[in-house]
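the amino acid sequence is not available; the structure is as follows:
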């Protein structure tokens, strides 16, 4: 399964991962590093604390 991390602001894919599991793709929203810097987010870039468990 492919996981695409898509920025909520610019709608660009900023990361793609592949994990074991059924075939297909999943889209996860977050904030890319460029948009985070532009918005003045002072924290180190993260995937907004989202955790998904299988």
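Ah, there it is. Keep in mind that this is a model prediction, so the values were computed, not measured. Numbers count the residues shown, from 1 in each chain.

per-residue confidence at residue 22?
Looking at residue 22, its pLDDT reads 88.

do the same with the one 3 residues further on
What the model reports as pLDDT for residue 25 is 93.

same check on residue 44?
According to the prediction, residue 44 has pLDDT 52.

same question, residue 8
Reported pLDDT at residue 8 in the predicted model: 94.

for residue 52, same thing?
Reported pLDDT for residue 52: 58.

so which residues of the protein form strands?
Under the criterion DSSP state E, the chain contains strands at 2-7, 13-18, 25-30.

residue 3 contacts residue 16, correct?
Yes. Counting by Cβ atoms under 8 Å, residue 16 is a contact partner of residue 3 at 6.9 Å. Every C-beta, even on glycine, is put in place using the N, C-alpha and C of the backbone.

show me which of those two is the more surrounded one.
A side-by-side neighbour count of residue 3 and residue 16, using other Cβ atoms under 10 Å, places residue 3 first with 15 against 11.

OK, contacts around that one?
With contacts defined as Cβ atoms under 8 Å, 6 or more residues apart in numbering, residue 3 is in contact with 16, 17, 18, 19, 25, 26, 28.

from residue 39, how far off is the first one?
In this structure, residue 16 and residue 39 are separated by 23 Å, where distance is defined by Cβ to Cβ, to the nearest Å.

dump the contacts of residue 3 to TSV, plus distance to residue 8.
Rendered in TSV, the data for the contacts of residue 3 read as follows (distance: Cβ to Cβ, whole Å):
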residue	distance to residue 8
16	16
17	18
18	22
19	22
25	18
26	16
28	10
